[in-house]
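Participant: quick one, fold the following:
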Amino acid sequence: MRTEPGIPAPRLSPEAGVPAPRTSPEAAASAPDASPEVGVSAPEAGVSALEASPEGGPWSQPTEKVVVDPKPGGHRSAPNPRFPVGRSLVGALTVVGAVAGLDFGAAAIFGDHGAGNPADPSANPSALSSPQAAAPAAAPPPAPQALPVPPPLPVPLPAPPAPSVERPRPPAVAAAASCVAPAGMTSLIDQDPTDEQVPWRRSGNGKVPVYFAVGGMAAEWRKDMEYGAAQWNKSPCVDTKVVTSCPSGVNCVTVSVVGKGDDGNFDAVEKGGFTTGGHIDLLNTLTTNQRKNVAVHEMGHAIGLKHRKAAKVLMNGDTYDDVFNPDATEYKNLLFAYGKQLGGNASTRALRGNQ
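Facilitator: Purely as a prediction, here's the structure:
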């Protein structure tokens, strides 16, 4: 290798055999040092630039060891005297760059790791390969929005109770004082002219009690008599009762069952134009419904009612198997007979209510 006179020949770097560039002390001082990881001390770590040694010239290494302050995660190292820093590839490139006006410093080759944002790709190439740095920061989740609360459903109010409707009621049984003849009524209604019958005498404004003694009768006959007493007792004028035997001194009618004669017959005892007693005979060959019809019919005679001309009514002279109750006309006739106390005379007569 040819050299210029007065300029010593460059020495080769043991690492790569590249001749160590010549440089002035000013260029050597201004050249940046490599990072401690590649064997070059960095100025920011407390290592001074290459110094010229009086013994060895500008390429000499300082005799005392320089301890590099470890960076976080690094290690402590000392320069190896066998491989001077100025003879490394980095130093050679730095000198060549200074002569040619190019930037071959460590920062240009290896990048500057001492400053900048580690996540910035321009300052830290490894940031490109970091999943945490490459991915953008996740946006915070949106705050939960309160759902609108629907208004409460209206609670249906209970419907007001329907006004009670007064249904027509049958005429209530009148009190004792109401046993009066209907206004404008002058005689009994629908009467058979061939029949005669007189009522019991009233004493005061109360009901006229009439007892029916059925002692010795079969139970089914007594039951029919009790049914008849309940129907006639609806009149405000009479109080009919079924007993085994009559108490002393009361209006009493005796009842018996016979094997022949009419379906039914009432023999009355009169005095002073009023009934004072009597007796009823009932035929034992009647059917169940006929027996009931005849029993209630004869009780009507015993309290003062006559036969009627109208058909299919209780007080008609015929026997029916489907008529058991008095009608309105028969109740009115009782009102007239007891309200006016009509009929009869001073003599005692026996009046028969024939079928």
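
Participant: can you get me a residue count around residue 331?
Facilitator: 19 (other CB atoms under 10 Å). To be clear about C-beta, it is placed using only N, CA and C from the backbone, and glycine gets the same treatment.

Participant: distance check, it against residue 189.
Facilitator: 11 Å (CB to CB, to the nearest Å).

Participant: can you list contacts of the strand ranked longest in the chain?
Facilitator: In the chain, with assignment by DSSP state E, the single longest strand is strand 274-283. Residues from elsewhere that reach strand 274-283 (CB atoms under 8 Å, 6 or more residues apart in numbering): 197-201, 212, 221, 251-270, 291, 294-295, 298-299, 302, 304, 344, 348.

Participant: mind listing the strands for the protein?
Facilitator: 208-213, 238-243, 252-258, 264-271, 274-283.

Participant: select, out of those strands, the one closest to residue 322.
Facilitator: For these, the distance to residue 322 is smallest for strand 264-271, at 16.6 Å, taking CB to CB.

Participant: how close does residue 212 sit to residue 253?
Facilitator: 5 Å.

Participant: joint contacts of the two?
Facilitator: 280, 302.

Participant: residues contacting the closest residue to residue 331 other than its chain neighbours?
Facilitator: By the measure of CB to CB, 6 or more residues apart in numbering, the closest residue to residue 331 outside its immediate chain neighbours is residue 235, 5.5 Å from it. Residue 235 is in contact with 173, 179, 331, 334-335, counting by CB under 8 Å, 6+ apart.

Participant: tell me where the stretch 151-300 of the chain is predicted with low confidence.
Facilitator: For the stretch 151-300 of the chain, the stretches flagged by pLDDT under 70 are 161-177.

Participant: quick check: ChimeraX command selecting the buried ones in the contacts of strand 274-283.
Facilitator: Selecting only the buried entries of these in ChimeraX, with 16 or more other CB atoms under 10 Å as the criterion:
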select :197,198,199,200,201,212,221,251,252,253,254,255,257,263,264,265,266,267,268,270,291,294,295,298,299,302,304,344
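
Participant: tell me where the stretch 101-250 of the chain has helices.
Facilitator: 106-110, 131-134, 219-232 (DSSP state H, counting those that start in this stretch).

Participant: same thing with the stretch 251-355 of the chain?
Facilitator: 288-302, 328-340.

Participant: of all these, which one is nearest residue 205?
Facilitator: Short answer: helix 328-340, nearest of those by CB to CB, at 10.4 Å.

Participant: redo the helices of the stretch 251-355 of the chain as TSV? Include distance to residue 314.
Facilitator: Below are the helices of the stretch 251-355 of the chain laid out as TSV (distance: least, CB to CB, whole Å):
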stretch	distance to residue 314
helix 288-302	6
helix 328-340	6
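
Participant: for those, which one sits closest to residue 185?
Facilitator: Here helix 328-340 is closest among the helices of the stretch 251-355 of the chain (CB to CB), at 5.3 Å.

Participant: was I right about residue 246 contacting residue 210?
Facilitator: No. The pair residue 246 and residue 210 does not pass the contact test of CB atoms under 8 Å, sitting 9.7 Å apart.

Participant: who's in contact with the nearest residue to residue 189 once chain neighbours are set aside?
Facilitator: Distances taken as CB to CB, 6+ apart place residue 329 nearest to residue 189, at 5.2 Å, with adjacent residues excluded. Contact partners of residue 329, counting by CB under 8 Å, 6+ apart, are 189-190, 308, 310, 313.

Participant: still on that earlier bit, can you pull the residues that touch both of residue 246 and residue 210?
Facilitator: residue 252.

Participant: thinking again about what came up before, quick one: closest of the helices of the stretch 251-355 of the chain to residue 149.
Facilitator: Taking the helices of the stretch 251-355 of the chain one by one with CB to CB, helix 328-340 is closest: 70.3 Å.

Participant: that closest one versus helix 288-302: what angle between them?
Facilitator: Helix 328-340 runs at 20 degrees relative to helix 288-302, counting by axes from the mean of the first three to the mean of the last three CA atoms, to 10 degrees.

Participant: for helix 328-340, what is the average pLDDT?
Facilitator: Here helix 328-340 scores 94 as its mean pLDDT.

Participant: first to last residue in stretch 204-216, what's the distance?
Facilitator: This stretch, stretch 204-216, spans 34 Å end to end (CA to CA, to the nearest Å).

Participant: so which of the helices of the stretch 251-355 of the chain is nearest residue 139?
Facilitator: helix 328-340 (97.4 Å).

Participant: what angle do that closest one and strand 238-243 make?
Facilitator: 100 degrees.

Participant: CA atoms only: put helix 328-340 into CSV for me.
Facilitator: Output of helix 328-340 as CSV, limited to C-alpha atoms (Å, rounded to 0.1, in the frame of the first residue of the first chain):
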residue,chain,number,x,y,z
ALA,A,328,-156.8,-14.5,42.9
THR,A,329,-160.6,-14.7,42.6
GLU,A,330,-160.8,-17.1,45.5
TYR,A,331,-158.6,-14.9,47.7
LYS,A,332,-160.8,-11.9,46.8
ASN,A,333,-164.0,-13.8,47.7
LEU,A,334,-162.5,-14.5,51.2
LEU,A,335,-161.8,-10.8,51.6
PHE,A,336,-165.4,-10.0,50.7
ALA,A,337,-166.9,-12.8,52.9
TYR,A,338,-164.9,-11.9,56.0
GLY,A,339,-164.6,-8.2,55.3
LYS,A,340,-168.3,-7.6,55.0
